[in-house]
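Participant: Here is my input; please provide its structure:
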Amino acid sequence: MDGDCVAAAPNRCRVADDEIAQAEQLIDRLTRDDLEGDDFTDRYTEAVEQLIDAKRENREPPMAEEPEEAPGQIVDLMAALKESVAKARKSRDEDATVHDMPKKKTAAKKTTTTKTAKKKQPAKKAAKKTTARKPRRSA
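Facilitator: Below you'll find the predicted structure:
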């Protein structure tokens, strides 16, 4: 729309006929007529219409129905993980036992001296020592 829109009237733009035809084709392609039935009911719009009708008639609006909550299922994640690993190994014909992870080895610190370390370095000011803050407890 390079320069086709007038600055004084931004709502008045010239659009070419082929652009309008392409827009109509896009709308036709994206429009679906098979969205009918209970799964595709606009319950929000229906509820707003009921509220408007109730206000017009000066009566109490209808109460929304609370959906029934299905009982939750508690899952032991570690047991599910071990079972999944066992199934995967079994499907690959591997040993299906799950072993504990080996403990990490700590690396020993190396101390090396260099010629520059032996030279006297100028004294530096001691940094102010601070203690670590305790984490805040959330309510």
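
Participant: pull the helix or strand with minimum mean pLDDT from the chain.
Facilitator: helix 115-118 (a mean of 53; mean pLDDT, DSSP states H and E).

Participant: What separation is there between K87 and Q73?
Facilitator: Using C-beta to C-beta, to the nearest Å, K87 is found at 20 Å from Q73. Placement of C-beta: from N, CA and C, glycine included.

Participant: So those two - more neighbours on which side?
Facilitator: K87 (11 against 5; other C-beta atoms under 10 Å).

Participant: So the more buried one, which state does it fall into?
Facilitator: State at K87, reduced to three classes by DSSP: H, G, I helix; E, B strand; the rest coil: helix.

Participant: low pLDDT regions in this protein?
Facilitator: Scanning the chain for pLDDT under 70 picks out the ranges 1-11, 94-99, 107-132, 138-139.

Participant: Show me where this structure has its helices.
Facilitator: 17-30, 43-56, 77-91, 115-118 (DSSP state H).

Participant: Thanks a lot, catch you later.
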